[in-house]
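> Please work out how this folds:
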Amino acid sequence: MKLSLSKSSFFGALAYGILSFAGVAAQPGRIKKGGGGGCTTTSNSVVKTSPGFGIVNSIDFNLWLDLSLSTSEVAGFYDEAYATWTSIITKDSNGGSTSTPTDPFKSTIEQCPAGIPAVLDDLYICGKDTCIDGPGQILGQAGPQLIWSNSGLPATGRMVFDKEDIPRFINVWKAIILHEMAHVIGIGTVWSSKVSNNEFIGTNAVSVWQTTWGCTGRPPIETDGGSGTAGGHWDDASLKTELMTGYVSEQNPLSLLTTAALKDIGYTGINDAPADATFCPVWLTQCSCPPPTRRNLRSLEAESPNGNAFGNGQAKRPPLSEEARSIANAYGKNALEKAKLPAGVARKSGGLEYVGDKFTTVFIEQDGFIYDVLVEAD
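Presented below is the predicted three-dimensional model:
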């Protein structure tokens, strides 16, 4: 299976990068104000868990999704993302370790209807649609909350979105879920030990960059966006349309570079087959790109009668305004304060480490683009 998303695709930044998306009319330089928290939609119609939820398996990778979602269509997007990532990550990566989360961890982290199983194995994600501030402005937040002490990989995470915004962005919601689940899994969020001088230094990714693609140097990490927003994506200018950049285009292939990065951050049993082996940055003079390779996908956008996926040409994201950043920071810091561990409680217990009150990522809309701002605790 090759993963190549169509022109309804949209990918953004989690934890350390900017998430951008064009397609919603907005006044230049203005934030679309939220509705103050009121929801006009009905209660969530889909409550479900992923296959094998709660069944401990020390051999295979266990991705346990606990979902409370607004529609069956959104649930289908989670199903597809689950199928993609579990077909790539096939083996247990914590040496068979399990844990029994207890309070205060268990009562502090985000949980959905099924709740964290009595024994935690690999990764639990709570995905929920809820009321935040109505249409526009704050769209949601996401990120890991517990990590495994032995591997540093995420053990629990959350993906929480404003249900009032989903209908407005439904044509790209599938891509949002796929991309953001990758960040909760660890791409861009727990790879800091593999980043040096704005380059990814993991040996597997470097091998793809230098040997498979014939590029000099090492894979570049995005540096745009200012303090607190850069560092969690492949560099836009170099990788253009690859899944884990933040650029919206007609095709967003998952490349061998991203599956290699999963190996570098500690995942085992990585299956490269779902990746698009033909993707290579042929537009870079520093790369030789042996055949078969893709054409410069930016040129495909220029050839499209609609310019890009949203019919408004090759829209460039404007800088995130200080007003928008301030709103995102205020929301995020409030969320972190609510997630704080009680005073005197150890952050490490039972093979787990709590990080849920250290940082979160907040989605905010401005000028028809969506930005993802990393918010850190004071």
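
> How about the secondary structure of P318?
coil (DSSP: H, G, I helix; E, B strand; the rest coil).

> That one and F369 touch, don't they?
Yes - here P318 reaches F369: they are 7.1 Å apart, a contact under Cβ atoms under 8 Å. (Glycine included, C-beta is placed from N, CA and C.)

> what about these two, which has more around it?
The residue with more neighbours, out of P318 and F369, is F369; 23 against 14, by other Cβ atoms under 10 Å.

> Can you list phi and psi of the more buried one for me?
Backbone geometry at F369, expressed as degrees, to the nearest 10, gives phi -110, psi 150.

> Now for K91: which residues touch it?
K91 makes contact with I59, D60, F61, Y267, T268, G269, according to Cβ atoms under 8 Å, 6 or more residues apart in numbering.

> Show me which pair in those residues is furthest apart.
The distance between the two most remote of the contacts of K91 (Cβ to Cβ) is 14.2 Å, for I59 and Y267.

> Which of the two has more residues huddled nearby?
Just comparing I59 and Y267: by other Cβ under 10 Å the higher neighbour count belongs to Y267, 22 against 10.

> CA atoms of the helix or strand that A261 is a member of as CSV?
According to DSSP states H and E, A261 maps onto helix 256-264. These are the backbone C-alpha positions of helix 256-264, laid out as CSV (Å, rounded to 0.1, in the frame of the first residue of the first chain):
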residue,chain,number,x,y,z
LEU,A,256,10.9,6.8,3.6
LEU,A,257,12.4,9.7,5.6
THR,A,258,9.5,9.7,8.1
THR,A,259,9.4,6.0,8.5
ALA,A,260,13.2,6.1,9.1
ALA,A,261,12.7,8.8,11.8
LEU,A,262,10.3,6.4,13.6
LYS,A,263,13.2,3.9,13.8
ASP,A,264,15.5,6.6,15.1
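
> Contacts for it next, please.
When contacts are defined by Cβ under 8 Å, 6+ apart, helix 256-264 is touched by residues 88-89, 182, 185-187, 191, 194, 200, 202-205, 207-209, 212, 219, 234, 239, 242-244, 270-272, 274-277, 279.

> Show the buried residues in those.
The neighbour-count criterion (16 or more other Cβ atoms under 10 Å) marks 88-89, 182, 185-187, 191, 194, 200, 202, 204-205, 207-209, 212, 219, 234, 239, 242-244, 270, 275-276, 279 among the contacts of helix 256-264 as buried.

> so of these, which ones are in strands?
F200 (DSSP state E).

> low pLDDT regions in the stretch 251-378 of the chain?
Scanning the stretch 251-378 of the chain with the threshold set as pLDDT under 70 gives 251, 292-317, 372.

> at 80 instead, please
Counting by pLDDT under 80, the stretch 251-378 of the chain contains low-confidence ranges at 251-252, 291-320, 359-361, 367-376.

> which stretches of it form strands?
For the stretch 251-378 of the chain, the strands defined by DSSP state E, counting those that start in this stretch occupy 348-349, 352-354, 359-366, 369-376.

> I'd like these laid out as TSV, including distance to E337.
Below are the strands of the stretch 251-378 of the chain laid out as TSV (distance: least, Cβ to Cβ, whole Å):
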stretch	distance to E337
strand 348-349	21
strand 352-354	15
strand 359-366	11
strand 369-376	11
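
> what ranges do the helices span in the protein?
For the chain, the helices defined by DSSP state H cover 72-88, 105-108, 170-185, 203-207, 236-239, 256-264, 297-303, 322-338.
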